[in-house]
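Undergrad: need the 3D shape of this:
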Amino acid sequence: MTATDRLSMTLSALADPTRRAILARLAEGERSVTELAAPFEMSLPAVSKHLKVLERAGLIARGREAQWRPCRLEAGPLRDVAGFVETYRQFWDSSLDRLEDYLARLQQGDPDGGRH
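TA: This next block holds a predicted model:
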């Protein structure tokens, strides 16, 4: 699977608010499926479907400790998303810096922002 495919799977998994909420709970530590399902008004099978999507995207891993099957966060794919978004953060920082400069020139009485 290419990096682009992995990023697409990760972004697709993150598109759902329930899955983002599950990841937020897992950021606090391992949880069982029952613990993860508790705050949601949905069946355990429905929560399990969300977990399968997260697992296929590599965002969670499931373990086995006797009868307990804990889920844990796997943050690697989130690093890939952060790297992708970082490019656009730099774009917006640069755009906002230019806007700030333009507004400063306007406040100094230069209505065309320095263009003559």
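Undergrad: pull the number of nearby residues for Leu26.
TA: Residues lying near Leu26 (other CB atoms under 10 Å) number 23. Where you see a C-beta, it was placed from the backbone N, CA and C, and this is true even at glycine.
Undergrad: list the residues that contact it.
TA: Leu36, Ile60, Cys71, Arg72, Leu73 (CB atoms under 8 Å, 6 or more residues apart in numbering).
Undergrad: which of those residues has the most neighbours?
TA: Ile60 leads these on contacts (other CB under 10 Å) with 25 neighbours.
Undergrad: which of the residues in stretch 45-61 are buried?
TA: Val47, His50, Leu51, Val53, Leu54, Glu55, Ala57, Gly58, Leu59, Ile60 (16 or more other CB atoms under 10 Å).
Undergrad: could you list which of the residues you listed belong to strands?
TA: Cross-referencing the buried residues of stretch 45-61 against strands under DSSP state E gives Ile60.
Undergrad: pull the most distant pair out of the buried residues of stretch 45-61.
TA: Across these, the longest distance by CB to CB is 18.7 Å; it joins Val47 and Gly58.
Undergrad: and the contacts of Leu26, which of them are in helices?
TA: Among those, the members falling in helices (DSSP state H) are Leu36.
Undergrad: for the helix or strand hosting Val85, packing partners?
TA: Assigned by DSSP states H and E, Val85 belongs to helix 76-107. With contacts taken as 3 or more CB pairs under 8 Å, 6 or more residues apart in numbering; DSSP states H and E, helix 76-107 sits against helix 3-14.
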